[in-house]
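A.B. asks: sequence and predicted structure are below.
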Amino acid sequence: MPILPLYGHETLRERFADQMDRGVLPASLLLHGPAGVGKQRLALWLAQRLLCGGATKPCGDCQHCRYVLELQHPDLHWVFPHENVSGSADWEYDDLKPLQDSRVAERAEAKGLYARPDGSCGIYKGDTKYLRHVASRSPALATRKVLIVGDAERMVPQQANPEAANMFLKLLEEPPADTTIILTSSEPHALLQTIRSRVVQLRVAPLPVETMRAFLADASAAEKLPNLQPAELLRIASGAPGKLLGGDDQQVAMDRARKLLAAADAGAEQRFRAAFTSGTSKARGAFSDVLDALSVVVHERVREASARGDEAAARRAAKVMPLIEEAKLAAAGNANPQVVTAQLLESIAEVR
């Protein structure tokens, strides 16, 4: 069963097609933008365009296109955050591949519609070992290979050390000539600077309203969406259809994030209460989800303030983003969520 078609992003698609026709497409790309706007689906479209064997690319009918759309092409390798498997860092390719295939098969079964992995998921050393292995091999069917790393920022905060990201950096430094590497990230500033410096960065914008309406009208998409009126779905999505796929857990995280921001501006007592109810170390995944949601909420504030011409509010909101990233790094270690929240809220309150 093919995955859902790509909606929107026509300008970027035309740009990629032109670069490929002229033979100047960068070997390593970073697609960044708000969570849920379709960055990984765009990366899959680009992979289809690169691997297609038809006269008009992507033709959608050739063997390569069919395999990509079914997420079964042997020269397409898609890695994304997942739960850690104990001991997998020391596994070899033959042990890692079945696990990788099963994760991609789950997304194929869901037609490419999936909720964002929760905060306890990451991209680990075993994943980068897998990518380095497949990059070193010759293409199995096409003339080249495509490696996609979704939510690439999770290579750093989900590890006690940056080993996974450093291993991937070595691949970026010397990519094989027959390999295209595509990273996606909703938080590019959380990537190692050495990684960002080795990729061409392109922003993927939210979808316009008409494109969102077309997505909502897709019968396959409708099966996965909340039972709400189209106008409400459009409001919640704000141009990012992936926001509609998170279910109740995502909404809980967003609500909690907004309450934390309100507490930061409400006084010391409210900040203390908010920190006290931030959960324990046994709920790190949910806490990380809240921090991810907090990034989304603050991004929204920056855009809203800029739209109404309030430059001071936009600057203040922008200054909060590095504080959230520091909190994410602390949460990825052994720091107590309550302590992390208390420090974060105090720091936000001091931003002027």
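C.D. replies: That came through, no problem. Numbering: from 1, shown residues only.

A.B. asks: can you tell me how far residue 55 is from residue 244?
C.D. replies: According to C-beta to C-beta, to the nearest Å, residue 55 and residue 244 sit 36 Å apart. Every C-beta, even on glycine, is put in place using the N, C-alpha and C of the backbone.

A.B. asks: who's more crowded, these two?
C.D. replies: Of the pair residue 55 and residue 244, residue 244 is the one with more neighbours under other C-beta atoms under 10 Å, namely 23 against 7.

A.B. asks: ok, that one touching residue 233?
C.D. replies: Yes: using C-beta atoms under 8 Å, residue 244 is in contact with residue 233, at 6.0 Å.

A.B. asks: shared neighbours of these two, anything?
C.D. replies: By C-beta atoms under 8 Å, 6 or more residues apart in numbering, residue 244 and residue 233 have these common neighbours: 225, 226.

A.B. asks: return the set of buried residues in stretch 108-115.
C.D. replies: Residues of stretch 108-115 classed as buried: 110, 111, 112, 113, 114, 115 (neighbour count, 16 or more other C-beta atoms under 10 Å).

A.B. asks: same deal with stretch 344-352?
C.D. replies: So for stretch 344-352, counting by 16+ other C-beta under 10 Å, buried means 344, 345, 347, 348.

A.B. asks: would you mind confirming that residue 19 makes contact with residue 25?
C.D. replies: Yes: proximity of residue 19 to residue 25 meets the contact threshold set by C-beta under 8 Å, at 4.1 Å.

A.B. asks: neighbour count winner among these two?
C.D. replies: Taking other C-beta under 10 Å, residue 19 and residue 25 do not tie; residue 25 has more neighbours (18 against 13).

A.B. asks: for that one, give me phi and psi.
C.D. replies: phi -70, psi 130 (degrees, to the nearest 10).

A.B. asks: per-residue pLDDT of it, please?
C.D. replies: pLDDT for residue 25: 96.

A.B. asks: domains for this structure, by residue range?
C.D. replies: With domains defined by automatic domain parsing, the chain comprises 10-205, 246-350.

A.B. asks: contacting residues around residue 328?
C.D. replies: By C-beta under 8 Å, 6+ apart, residue 328 lies in contact with 157, 190, 288, 291, 292.

A.B. asks: just the buried residues of the strand ranked longest in the chain, please?
C.D. replies: The longest strand of the chain (DSSP state E) is strand 179-185. By 16+ other C-beta under 10 Å, the buried positions in strand 179-185 come out as 179, 180, 181, 182, 183, 184, 185.

A.B. asks: distance between the helix or strand just after it and the chain's centre?
C.D. replies: Using DSSP states H and E, the next helix or strand after strand 179-185 towards the C-terminus is helix 193-196. Mean C-alpha position of helix 193-196 versus that of the full chain (C-alpha atoms, centre = their mean, to the nearest Å) differs by 17 Å.

A.B. asks: stretch 217-236 now?
C.D. replies: Distance, centroid of stretch 217-236 to centroid of chain: 21 Å (C-alpha atoms, centre = their mean).

A.B. asks: who touches that stretch?
C.D. replies: Residues contacting stretch 217-236 (C-beta under 8 Å, 6+ apart): 4-5, 7, 110-111, 113, 209, 212-213, 215-216, 241, 243-245, 247.

A.B. asks: now stretch 244-264: buried residues?
C.D. replies: Residues of stretch 244-264 classed as buried under the neighbour-count rule (16+ other C-beta under 10 Å) are 244, 245, 246, 250, 253, 254, 256, 257, 260, 261, 263, 264.

A.B. asks: ditto for stretch 16-35
C.D. replies: Across stretch 16-35, burial judged by 16+ other C-beta under 10 Å covers 16, 25, 28, 29, 30, 31, 32, 33, 34, 35.

A.B. asks: which members of the residues you listed define the maximum pairwise distance?
C.D. replies: Pairwise distances across these peak at 25.3 Å for 25 and 35 (criterion: C-beta to C-beta).
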